[in-house]
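> generate a structure from the sequence data that follows.
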Amino acid sequence: MTLSASRWWIAGLLFASTTINYLDRQTLSVLAPSLKTEFQWSNTQFALIVMAFRAAYAVGQTLSGRMLDRLGTRLGLMLSVGFYSFAAMATSLAQGLVSFAALRFLLGLGESGNWPGAAKAVARWFPARERGLAVAIYDSGSAIGAAVAPALVLALAASTGSWRLVFVIIGALGLLWMLVWWRSYPAEAPPPVEPVSGGPKPQMNELLRQRRTWGLILGRSLTDPVWFFISDWFAVFLVSRGFRLEDSVAGFWVPFLAADFGNFFGGWLSGRLIRAGWSVTGSRLAIIVAGSIGMTALIPAAYAAGLGLLVSLFAVATFSYAALSTMYLTLPGDLYPDHSVATVSGLTGTGAGIGTILSTLVIGIVADRYSFVPILTAASFIPLAGVVLTLWLLRKPREL
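Okay, the predicted model is just below:
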């Protein structure tokens, strides 16, 4: 297999790992309405389970990023997928709020390695003009996984008659991926295609002293919670608006499919802009700004009465978010040397995780006491603030 073919094959495997990653996490979200009834959880109690996952995911992003820079992508991703696959399957043994929260914590810890590992692999294998598209390929797995999960999970639950078996079946998919990955990924990857000069490997505190690092951290901290709100709460939101989930499956996956298109549009457009003479960083930031504006479609979505209009507005927001997110995930590979890409990607993921944890607690309380209207309004405006901070902190020419 040629080097070019090898790198696109690897991008495909990263897409598969991301899809499985999201199937595992979305299983609980899709089953949430029935599990809330069975275990008599309030929205606030369900938020605690979601927060357990987010807490581990936040801490794990930085830990796994550093681990991947030390162990390498091949072994690091192998360990991550194996860990979260067993955690997903073990969720079938949960008996209540505490055990669900504990197992979701373990799932989040394992799943945290996917994005730093994928970012490191792409930075090593792909030149800047193709990097955005490669990131779009693997990141689109999140939208595909979220889109497929409702129909797959509900079908498995109906055919098996047990939500416990659903966790076992979907969790086992990661074990199959591990076999293919270990046999396909070269034991010795080639040197970075377009290495970023950076000298010796910096310590964590050195990375945290750089303005550009905080530009990426704060940007993701204020934009990623919107996506996780939609992926974790969309089923609950539809039910709260009077739509039966079984009758809404056809519309449920539309925002996630739109996100998939957004991933590829952002990756394609950034490459097109680079070929047209734009700077690498300038092309990424232009799409980030446009994406943050598109996310304001959640404001009218809060008031939409019909399912079709509601789903369409969510689709605009998720398309815009995905284009923006692809650029945030690409920038560490553009701005940092190979030995720091996973670490920086992990730091930005930790920031996103902390933002998501805080927002999840607020969402549960506000949804119980008021409605989802103020939540959707805030989800439209907060990403704009994150993008302004990114532009300000990345503005120094000598750091670009």
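
> CA atoms for contacts and neighbours, from now on please.
OK.

> low-confidence ranges in the stretch 1-150 of the chain?
For the stretch 1-150 of the chain, applying pLDDT under 70 flags the ranges 1-3.

> all helices for it, in order.
3-39, 43-71, 73-90, 97-111, 114-125, 128-160 (DSSP state H, counting those that start in this stretch).

> who touches the fourth one?
This points to helix 97-111. Applying CA atoms under 8 Å, 6 or more residues apart in numbering, the contact partners of helix 97-111 are 21, 25, 39, 45, 48-50, 52-57, 59-60, 80-85, 87-88, 90-91, 94.

> please export the C-alpha coordinates of it as CSV.
Output of helix 97-111 as CSV, limited to C-alpha atoms (Å, rounded to 0.1, in the frame of the first residue of the first chain):
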residue,chain,number,x,y,z
LEU,A,97,-27.8,6.0,40.1
VAL,A,98,-24.5,5.3,41.8
SER,A,99,-23.4,2.3,39.7
PHE,A,100,-24.5,4.1,36.4
ALA,A,101,-22.5,7.1,37.4
ALA,A,102,-19.4,5.0,38.3
LEU,A,103,-19.5,3.1,35.1
ARG,A,104,-20.0,6.2,33.0
PHE,A,105,-17.0,7.7,34.8
LEU,A,106,-14.9,4.7,33.6
LEU,A,107,-16.4,5.1,30.1
GLY,A,108,-15.4,8.7,29.9
LEU,A,109,-11.9,8.0,31.1
GLY,A,110,-11.3,5.5,28.3
GLU,A,111,-13.1,7.5,25.6
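
> buried set for it?
Of all the residues in helix 97-111, those buried under the rule 16 or more other CA atoms under 10 Å are 100, 101, 102, 103, 104, 105, 106, 107, 108, 109, 110, 111.

> what would these look like in a markdown table with distance to residue 191?
As requested, the buried residues of helix 97-111 are arranged in a markdown table below (distance: CA to CA, whole Å):
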| residue | distance to residue 191 |
| --- | --- |
| 100 | 42 |
| 101 | 41 |
| 102 | 40 |
| 103 | 38 |
| 104 | 37 |
| 105 | 35 |
| 106 | 33 |
| 107 | 32 |
| 108 | 31 |
| 109 | 29 |
| 110 | 27 |
| 111 | 26 |
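
> residue 375 and residue 366 touch, don't they?
Yes - counting by CA atoms under 8 Å, residue 366 is a contact partner of residue 375 at 7.5 Å.

> indicate which one of the helices of the stretch 1-150 of the chain is closest to residue 183.
Relative to residue 183, the nearest member of these by CA to CA is helix 73-90, separated by 10.0 Å.

> that closest one - contacts with which helices or strands?
In terms of contact count using 3 or more CA pairs under 8 Å, 6 or more residues apart in numbering; DSSP states H and E, helix 73-90 is assigned the packing partners helix 3-39, helix 43-71, helix 97-111, helix 114-125, helix 163-171, helix 173-184.

> for the residue nearest in space to the middle of the chain, give me its contacts.
The residue lying closest to the centre of the chain (CA atoms, centre = their mean) is residue 142, at 6.1 Å. Residues in contact with residue 142, defined by CA under 8 Å, 6+ apart, are 18, 19, 21, 22, 260.

> which parts of the strand or helix carrying residue 235 are buried?
When secondary structure is defined by DSSP states H and E, residue 235 falls within helix 211-240. Buried residues in helix 211-240, defined by neighbour count with 16+ other CA under 10 Å: 211-238.

> if we can go back for a sec, between residue 375 and residue 366, who's got more neighbours?
residue 375 (21 against 17; other CA atoms under 10 Å).

> tell me which element that one is part of?
Assigned by DSSP H and E, residue 375 falls in helix 373-393.

> would you map the helices across the stretch 251-400 of the chain?
Under DSSP H, counting those that start in this stretch, the stretch 251-400 of the chain gives helices at 254-275, 280-294, 298-301, 307-335, 338-369, 373-393.

> for the ones you listed, please prepare JSON lines with the additional fields mean pLDDT.
JSON lines is the format used below for these (pLDDT from 0 to 100):
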{"stretch": "helix 254-275", "mean pLDDT": "92"}
{"stretch": "helix 280-294", "mean pLDDT": "96"}
{"stretch": "helix 298-301", "mean pLDDT": "92"}
{"stretch": "helix 307-335", "mean pLDDT": "93"}
{"stretch": "helix 338-369", "mean pLDDT": "88"}
{"stretch": "helix 373-393", "mean pLDDT": "93"}
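
> run the chain-centre distance for the helix holding residue 375.
Here helix 373-393 is found 17 Å from its chain centre; the criterion is CA atoms, centre = their mean, to the nearest Å.

> can I get the CA coordinates of that helix in PDB?
Only the C-alpha atoms of helix 373-393 are listed here, as PDB (Å, rounded to 0.1, in the frame of the first residue of the first chain):
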ATOM      1  CA  VAL A 373     -35.800  28.000  26.300                       C
ATOM      2  CA  PRO A 374     -33.100  29.800  28.300                       C
ATOM      3  CA  ILE A 375     -30.700  26.900  27.700                       C
ATOM      4  CA  LEU A 376     -31.000  27.200  23.900                       C
ATOM      5  CA  THR A 377     -30.700  30.900  24.100                       C
ATOM      6  CA  ALA A 378     -27.400  30.700  26.100                       C
ATOM      7  CA  ALA A 379     -26.200  28.000  23.800                       C
ATOM      8  CA  SER A 380     -26.500  30.400  20.900                       C
ATOM      9  CA  PHE A 381     -24.500  33.300  22.400                       C
ATOM     10  CA  ILE A 382     -21.800  31.700  24.500                       C
ATOM     11  CA  PRO A 383     -19.900  30.200  21.500                       C
ATOM     12  CA  LEU A 384     -19.600  33.800  20.000                       C
ATOM     13  CA  ALA A 385     -17.700  34.800  23.200                       C
ATOM     14  CA  GLY A 386     -15.400  31.800  22.800                       C
ATOM     15  CA  VAL A 387     -14.600  32.700  19.300                       C
ATOM     16  CA  VAL A 388     -13.800  36.300  20.200                       C
ATOM     17  CA  LEU A 389     -11.400  35.000  22.900                       C
ATOM     18  CA  THR A 390      -9.700  32.700  20.300                       C
ATOM     19  CA  LEU A 391      -9.200  35.500  17.900                       C
ATOM     20  CA  TRP A 392      -7.700  37.800  20.600                       C
ATOM     21  CA  LEU A 393      -5.300  35.200  22.000                       C
END
